[in-house]
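Visitor: Coordinates only, no sequence provided:
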Ligand code: ATP
């Protein structure tokens, strides 16, 4: 991608309607972003692809969707009230706040060289109050991970669906962390979306299932086009592990700002179920019919970020290509991820019959594939615009089409064109997209 890779992607996102700064007209809210028309399609397509691979294509994972607001005792039992913090230091002069991990010199402000306070723990959970009275008894948290919603439903799932070990629960949803140093566009924000699986296993098979999931999740990114040389697995050192984890491997992507975590796959042991059983007084053990034993399963957790995936897929897809004397920007997104599959144009927008035929074709295709109609520019410009947002095929209707009922299809990646009869269009796209 060359230099300024992030700037190029951020600029494309705003220019073409993928991602905007939040509350833009008020100058933006720092490190908060809104997804525009193409961005939401890309994000939904990523979540859909994730759901397909992890729920529909497997026999051992069930989907669910828990509430963001949960009983405050959940976060006491899970250890988040006590342990979910970063160490921060404040500058006594400029008042800026820093994450202890990011500081080379723990005593001096990296911005103004002022004196730093001693590092203090800073809990990352957002607090709010439920109901009209703001008092301690009504304190609740915005969830910092979706995982707990699945742990506290473990008994409900057993009682309603009777799954046998090993089995998993999957959900996507918003999580909130009051990060000290958010940044790098949508990589680290305070409000973000996760895609998490909690996979319940016999303790004896935890190690092998952890390995299986690391490979399965790694391959998922590759299957959607992430370049192999830009993806790696990084096992955690003992000192990096979260308070609940026995082992963890991150899947990292080679972002323009360096290798960084896309997803973590952890062995959470039986920590969470044990804690919730103890705190709630409910028996959350699994009963094994064959051995007549009751025990707490271990949990393998592949936990990925939707927004980080959006960023990785955008960077991975961004290409600048020399076409004769021009440079074309093209997002070579995987077919399942492209926000729009087909765009239809009339070659001449002042010929009513051509416009009407093009609109009719677009309308017809819309029933099967995400399709858009555009007649707001000359053909070259329309192609470029679609290339920039990753549209897979452009269909052009011209004078000839009125006579022979054929149109020109242009392929995003090869830019090759072919004539095809209008009645064959759906069949053509079906073979390409399904
Ligand atoms: P990091 O070390 O980058 O802070 P983490 O190890 O704390 O991440 P986890 O608790 O493992 O993250 O969360 C699982 C996933 O959720 C991460 O792999 C990431 O994709 C996503 N995620 C976590 N925090 C954020 C955030 N602040 N902004 C965007 N995505 C996030």
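Guide: Now that the structure is in, tell me what you want to look at. Bear in mind that the values here come from a model prediction, so they are computed numbers and not experimental data.

Visitor: quick one: stretch 78-94 near the ligand?
Guide: No: on the criterion CB under 6 Å from any ligand atom, stretch 78-94 is out of touch with the ligand, staying 8.6 Å away. For the C-beta atoms, the positions are set from N, CA and C on the backbone; glycine is no exception.

Visitor: what's that stretch in contact with?
Guide: With contact meaning CB atoms under 8 Å, 6 or more residues apart in numbering, stretch 78-94 is reached by 75-76, 96-101, 103, 106, 109, 111-112, 114-125, 141, 144, 148, 151, 179-180, 243-244, 271-272, 275-276.

Visitor: tell me the mean pLDDT over that stretch?
Guide: What stretch 78-94 shows for mean pLDDT is 92.

Visitor: What of stretch 195-209?
Guide: pLDDT averaged over stretch 195-209 gives 97.

Visitor: can you list contacts of it?
Guide: By CB under 8 Å, 6+ apart, the residues outside stretch 195-209 that reach it are 47, 50, 54, 60-61, 145-147, 150-151, 154, 165-172, 213, 246-247, 267-270, 286, 295, 297-306, 309.

Visitor: mind listing the helices for the protein?
Guide: Counting by DSSP state H, the chain has helices at residues 5-16, 37-51, 72-77, 80-83, 147-151, 154-161, 206-223, 271-280, 306-317, 352-366, 379-388, 399-404, 425-433.

Visitor: could the ones you listed be laid out in JSON lines, adding distance to residue 253 and mean neighbour count?
Guide: Below are the helices of the chain laid out as JSON lines (distance: least, CB to CB, whole Å; neighbours: other CB atoms under 10 Å):
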{"stretch": "helix 5-16", "distance to residue 253": "13", "mean neighbour count": "16"}
{"stretch": "helix 37-51", "distance to residue 253": "13", "mean neighbour count": "19"}
{"stretch": "helix 72-77", "distance to residue 253": "30", "mean neighbour count": "18"}
{"stretch": "helix 80-83", "distance to residue 253": "27", "mean neighbour count": "15"}
{"stretch": "helix 147-151", "distance to residue 253": "22", "mean neighbour count": "23"}
{"stretch": "helix 154-161", "distance to residue 253": "32", "mean neighbour count": "14"}
{"stretch": "helix 206-223", "distance to residue 253": "8", "mean neighbour count": "17"}
{"stretch": "helix 271-280", "distance to residue 253": "28", "mean neighbour count": "18"}
{"stretch": "helix 306-317", "distance to residue 253": "4", "mean neighbour count": "23"}
{"stretch": "helix 352-366", "distance to residue 253": "34", "mean neighbour count": "17"}
{"stretch": "helix 379-388", "distance to residue 253": "22", "mean neighbour count": "17"}
{"stretch": "helix 399-404", "distance to residue 253": "43", "mean neighbour count": "13"}
{"stretch": "helix 425-433", "distance to residue 253": "26", "mean neighbour count": "15"}
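
Visitor: And the ones you listed, which one averages the lowest pLDDT?
Guide: That would be helix 80-83, which, of all the helices of the chain, carries the lowest mean pLDDT at a mean of 92.

Visitor: ok so, going back, restrict the contacts of stretch 78-94 to the buried ones and give me that as a PyMOL selection.
Guide: Selection of the buried residues among the contacts of stretch 78-94 in PyMOL, burial being defined by 16 or more other CB atoms under 10 Å:
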select buried, resi 75+98+100+103+109+116+119+122+123+124+125+141+144+148+151+179+180+244+271+272+275+276
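
Visitor: Against residue 428, how distant is residue 346?
Guide: To residue 428, residue 346 is 20 Å away according to CB to CB, to the nearest Å.

Visitor: Oops, could you answer that again for residue 172 instead?
Guide: Between residue 172 and residue 428 the distance is 32 Å, computed by CB to CB.

Visitor: circling back to that earlier point, near the ligand too, which of the contacts of stretch 78-94?
Guide: Okay, of the contacts of stretch 78-94 touching the ligand (CB under 6 Å from any ligand atom), that's residue 179.

Visitor: what about residue 302, how many neighbours?
Guide: Residues lying near residue 302 (other CB atoms under 10 Å) number 25.

Visitor: How about the contacts made by it?
Guide: Each residue near residue 302 by CB under 8 Å, 6+ apart is listed here: 196-197, 199, 213, 216-217, 263-265.

Visitor: Then residue 301?
Guide: Listed by CB under 8 Å, 6+ apart, the contact set of residue 301 reads 147, 196-199, 264-268.

Visitor: now swap in residue 389 and tell me
Guide: 16-18, 38, 331, 339-340.

Visitor: Tell me how far the closest residue to residue 107 other than its chain neighbours lies from residue 179.
Guide: Leaving aside its sequence neighbours, residue 107 sits nearest to residue 116 (CB to CB, 6 or more residues apart in numbering; 5.7 Å). Distance from residue 116 to residue 179, counting by CB to CB: 19 Å.

Visitor: what do you get for residue 391?
Guide: Here the criterion is CB to CB. By it, residue 391 lies 35 Å from residue 179.

Visitor: do residue 295 as well
Guide: Counting by CB to CB, the gap from residue 295 to residue 179 is 37 Å.

Visitor: ok, back up a step: quick check, the residue nearest to residue 107 in contact with residue 106.
Guide: Yes: the pair residue 116 / residue 106 is scored as a contact, 6.8 Å apart, by CB atoms under 8 Å.
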